[in-house]
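1. Here is the input, now give the coordinates:
(chains A and B)
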Amino acid sequence: MSKKDSNSSTKKLNISQDRRAFLQKGTLAAMALALGTDIIHAASMPEGYIPVMLPADFDPMKGKSEGMIIRNEKPWNVEPAPHLLNDAITPFSSIFIRNNGLIPEDVDAAKWTLTIGGESVVKEKTYTLEELKKKFKSYTYQLTLECGGNGRAGFYPPASGNQWEEGAVYCSEWTGVRLKDVLADVGIKPDAVYVGYYGTDKHLNGDPNKVVISRGAPMAKALQDETLLAFQLNGKDIPLQHGYPLRLVCGGWPASVSGKWLNKLVVRNQVHDGEKMMGDAYRVPKYPVAPGDKVPDEDMKIIESMPVKSIITYPKSGAMFSTSRKLSVQGHAWAGENEVSAMEVSTDFGATWKKCSLKKPVNRLAWQQWSIELSFPQAGYYEIWAKATDDQGISQPMVIPGWNPKGYLNNACHRIAVKVS
Amino acid sequence: MSKSHERNPSSTQKEKRKLFDGLIKSVAGLVAVVVILIGLVLLLVFQPEISARLSTFTSEESTENPQPLTDFSTELVDGKDVETGLLAGDGLELVKAHCTACHSSALILQNRFTREGWHEKIVWMQETQGLWPLGENESIILDYLAANYAPEAPRGRRVPLTDIEWYELKE
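-> Okay, the predicted model is just below:
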């Protein structure tokens, strides 16, 4: 159905209501109703976007689910629809793709090395991939990685960048060595403040010397047990578009901290000042600002732990069923460095909330599964809203949270529509 | 006799007094009526809202033969018509002639519809409210309304859910 068609059909449904209301002097309300319908369809997004590919190119969409939404193909940025994220451990097919530059296609794992340097190492040291695997103990964790800009599409005034909706988040199983073990082997000076990464992705403008992205984390995060130099995702070599053959993985922080195609780590005696660390990149205002405000760079702070959030992964939005059915609703919840302690859903736009059953995380920084059975004795249109609360007592907002210039950290409640007949 | 004679003049005097009283009363009544009438005229002159209200009452009663408005002035200040507050643009005169003949411009000003939506309002007014056929002016009026009073981009803090693909939930 085209945008125009759907527009006219809903229009027709409203005419009879409009007439009656008009006669009852309820004109304003009726027109607001009609206006509301207009707004819905004015906001329609194009669908079924087919990317143009050169045959020689690596195809990052190969093996990905059909319901993936391509936000950009140069650089590649792709997210799944929420219902594709129903698994506790996200399969490769549903993992979002986020790139600032071009995916490197000349990767030779056999010759791959990782150099650890910077002002705050005792002596720069280089490891081959094999050395890393042999010399250090391997660990496996399920780690939640969410794009800092996930949900950006919800901000008004609109923030520029990939207009992520709900799907730029996943929790897969990463296997690798602990960064802290490797750093202990290298030797770190007491003045160490931050680690920064470098990868082999190529800049969009083709300049081979231009760094695409080089972000990082403070020492406290770098030295956590769960911070890995990972070489496996879900028990297999990391797929190329997700960082093959080596990736820094820092669960619970913006996914951009988890540097892909990792070949160099620097231990800094200052906050790392690499590409996309400065200015307004992956930063939010230090204080609340009005929507649309200009915020000077010096008033922006680096995003660290991601906020509490949840997603409804079953059913897919748009489910129609009968009043006799008990609907099982499922999803995940996560809270950056913290744990989610309560999960609730509402079917009346937040007037009342029902407590869901909530699993403990498999390990720290893994997302948690929640579920609830709902009955709908009254037929009609419902929205199911999901709200998580973390162990600090902080909940998700129902409206869009504080506006920020780059549209980060939108952790507003996810909601789906269902129709009961 | 004499008594009656004596009575006579006194009775005629009384009658005269009665007549006089009656005359004074009727004159006073007339004066009062005139004063009230003058007052009303003055009121209508100096309180034009009242006369306007009166004329709307009459025009509302005679909706059988409505006519497009002809006696209006169009003065534009800051891109808006002073008389109605409608935005300047091609078709403004026609909108004033055909729409504000029956209802105020507020019905337009407070609403936002697509061209199709505005058309539905016109059809409804023609079917139920006695709006006359607009002929070739209709498309000019619709163009004006669609261009100047179109739906705005959503700006709520949670806009309505959109693009819901409804499906029967099976398993």
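2. Report whether the expected contact of residue A:369 with residue A:332 is present.
-> Yes - applying CB atoms under 8 Å as the test, residue A:369 and residue A:332 come out as touching, 6.0 Å apart. C-beta: built from backbone N, CA, C; applies to glycine.
3. Overlap in contacts, the two.
-> The contact sets of residue A:369 and residue A:332 overlap at residue A:88 (CB atoms under 8 Å, 6 or more residues apart in numbering or on different chains).
4. Helices of chain B, residue ranges please.
-> B:2-46, B:48-61, B:92-98, B:106-109, B:115-128, B:137-148 (DSSP state H).
5. I'd like the distance from the shortest one to the chain centre, please.
-> Mean-position distance between helix B:106-109 and its chain equals 14 Å (CA atoms, centre = their mean, to the nearest Å).
6. Equivalent analysis for the third one, please.
-> Relative to the chain's own centre, helix B:92-98 is displaced by 16 Å; criterion: CA atoms, centre = their mean.
7. Specify the beta-bridge partners of residue A:383.
-> residue A:417 (DSSP bridges).
8. sorry, back to before: which of the helices of chain B comes out lowest on mean pLDDT?
-> When those are ranked by mean pLDDT, helix B:48-61 comes last with a mean of 46.
9. Among residue A:369 and residue A:332, which residue is more densely surrounded?
-> Ranked by neighbour count (other CB atoms under 10 Å in any protein chain shown), residue A:369 and residue A:332 place residue A:332 first, with 29 against 22.
10. can you tell me how far the more buried one sits from residue A:361?
-> 10 Å (CB to CB, to the nearest Å).
11. near chain B, which residues of the stretch 301-421 of chain A?
-> Counting by CB under 8 Å from any CB of the partner chain, the residues of the stretch 301-421 of chain A close to chain B are A:315-321, A:325, A:327, A:383, A:398-400, A:412, A:415-419.
12. Sort out which of these are in strands and list them.
-> Secondary structure from DSSP state E places A:319, A:320, A:321, A:327, A:383, A:415, A:416, A:417, A:418, A:419 of these in strands.
13. Serialize those residues to CSV and add fields for neighbour count and pLDDT.
-> Formatted as CSV, those follow (neighbours: other CB atoms under 10 Å in any protein chain shown; pLDDT from 0 to 100):
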residue, neighbour count, pLDDT
A:319, 24, 98
A:320, 14, 98
A:321, 18, 98
A:327, 19, 98
A:383, 18, 97
A:415, 21, 98
A:416, 25, 98
A:417, 18, 98
A:418, 24, 98
A:419, 18, 98
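14. show me what contacts the closest residue to residue A:109 other than its chain neighbours?
-> Leaving out its chain neighbours, the residue that sits closest to residue A:109 by CB to CB, 6 or more residues apart in numbering or on different chains is residue A:245, at 4.0 Å. By CB under 8 Å, 6+ apart, the contact list for residue A:245 reads A:107, A:109, A:112, A:129, A:231, A:237, A:238.
15. Before we move on, what's the pLDDT of residue A:245?
-> Reading off the model, residue A:245 has pLDDT 97.
16. How about residue A:10?
-> Looking at residue A:10, the pLDDT reads 32.
17. Might one say that residue B:87 is in contact with residue B:80?
-> Yes - under the criterion of CB under 8 Å, residue B:87 makes contact with residue B:80 at 6.0 Å.
18. any idea how far residue A:274 is from residue A:208?
-> Counting by CB to CB, the separation of residue A:208 from residue A:274 is 17 Å.
19. Show me the chain divided up by domain.
-> I'll assume chain A. For chain A, the domain assignment from automatic domain parsing gives the residue ranges A:3-42, A:92-302, A:309-420.
20. Chain B was what I was after
-> Under the assignment automatic domain parsing, the domains of chain B span B:2-61, B:76-148.
21. hey, C-alpha coordinates of stretch A:112-129 in PDB?
-> Below are the C-alpha coordinates for stretch A:112-129, written out as PDB (Å, rounded to 0.1, in the frame of the first residue of the first chain):
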ATOM      1  CA  TRP A 112      47.900 -10.000  12.200                       C
ATOM      2  CA  THR A 113      49.700  -8.200  15.100                       C
ATOM      3  CA  LEU A 114      48.600  -6.100  18.000                       C
ATOM      4  CA  THR A 115      51.000  -3.400  19.200                       C
ATOM      5  CA  ILE A 116      50.600  -2.000  22.700                       C
ATOM      6  CA  GLY A 117      52.300   1.400  23.100                       C
ATOM      7  CA  GLY A 118      51.600   5.000  24.200                       C
ATOM      8  CA  GLU A 119      53.200   7.300  26.900                       C
ATOM      9  CA  SER A 120      52.200   5.100  29.800                       C
ATOM     10  CA  VAL A 121      53.600   1.700  28.800                       C
ATOM     11  CA  VAL A 122      56.900   0.700  30.300                       C
ATOM     12  CA  LYS A 123      58.000  -0.600  26.800                       C
ATOM     13  CA  GLU A 124      56.000  -0.900  23.600                       C
ATOM     14  CA  LYS A 125      55.200  -4.600  22.800                       C
ATOM     15  CA  THR A 126      53.800  -6.400  19.800                       C
ATOM     16  CA  TYR A 127      51.900  -9.700  19.900                       C
ATOM     17  CA  THR A 128      50.800 -11.900  17.000                       C
ATOM     18  CA  LEU A 129      47.200 -13.100  17.200                       C
END
